[in-house]
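**Student:** Make a model of this:
(one chain, ligands or ions: 1)
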Amino acid sequence: MSLVSVDDITLSYGDQPVIQDLSFEINKGDFLVMVGENGAGKTTVVRSLLGELKPREGEIIKQRHLKIGYVPQFRNLPTNYPLSIRDFVGLNLMQSHLPWLTSAEHHRLDRIIRETNLSKIAGRPLGLASGGEKQRAYLAQALVDRPQLLILDESTASLDNEMKYELLDLVVKFQQNGLSVLFITHDWDLAKRYGSRYLQLLPNGAYQEGPINELPSLIGPS
Ligand SMILES: Nc1ncnc2c1ncn2[C@@H]1O[C@H](COP(=O)(O)OP(=O)(O)OP(=O)(O)O)[C@@H](O)[C@H]1O
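**Tutor:** Sure thing, here's the model as predicted:
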């Protein structure tokens, strides 16, 4: 069964539809890449998957108890942001009724810090981390709660190539252990390198999807 089944949805702000009659599925272990020009509606689709925007028509059916980890597009952290990387990652575990982490949660936190290669710098203030380290911390925060689906919204946009590959290679390791990934990007090379399937939103509200080897070549600037 699919984790998420998007069935013929229309999404709009006010009267003007941004997305019309969109259908797609996200299955276990997918690395679905969503591409489309600025303003095509990618973030709008993400908002609907997160339950922040209700479809005006159609429906989104999610697997029961589906947990979604989300790494948003922008986060402007000042250099004096005080939390350590470890504490920042742990914020996503602070949802229980206890105001502290249980020993099982500490264990989980240690593990994700290790798995995202942050052990050596976990005690450093996040505000002082490099761009690549910050992105790994955002990833760790999204994954510490053990989601089945990870949404990465342009997470590689500010990174150089080496860092992009490092981050996405890490994501692939989690994907190989059953995580499903929805990766929003403007980068065709990354889409082709990492994606298993694509969903392309077109300017007129239309869309196309398919296996990644059928992603049409990019025409014009990326
Ligand atoms: N809160 C809002 N209220 C009204 N219109 C909005 C709102 N958010 C987005 N829009 C409009 O919806 C359209 C789609 O925006 P969206 O941010 O989903 O596109 P996108 O594909 O994510 O773009 P980008 O690649 O630039 O991030 C745009 O025309 C945008 O101006």
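
**Student:** which is the next helix or strand following the longest helix that the chain contains?
**Tutor:** In the chain, with assignment by DSSP state H, the single longest helix is helix 161-176. Later in the chain than helix 161-176, the nearest helix or strand by DSSP states H and E is strand 180-184.

**Student:** quick one: contacts of that following strand?
**Tutor:** Here strand 180-184 makes contact (CB atoms under 8 Å, 6 or more residues apart in numbering) with 3, 26-35, 42-43, 46, 49, 73, 148-155, 168, 171, 174-175, 190-191, 194-195. Yep, even glycine has a C-beta here, placed from its N, CA and C like the rest.

**Student:** Quick check: which of these are also close to the ligand?
**Tutor:** Restricting these to those near the ligand by CB under 6 Å from any ligand atom leaves 42, 43.

**Student:** Please list only the buried members of the contacts of strand 180-184.
**Tutor:** Among the contacts of strand 180-184, those classed as buried by 16 or more other CB atoms under 10 Å are 3, 26, 30-35, 42-43, 46, 49, 148-155, 168, 171, 174-175, 190-191, 194-195.

**Student:** Restricted to helices, list those residues.
**Tutor:** Those of these lying in helices (DSSP H): 42, 43, 46, 49, 168, 171, 174, 175, 190, 191, 194.

**Student:** which residues sit in contact with residue 22?
**Tutor:** Taking CB under 8 Å, 6+ apart as the criterion, residue 22 is in contact with 6, 8, 9, 10, 11, 45, 58, 207.
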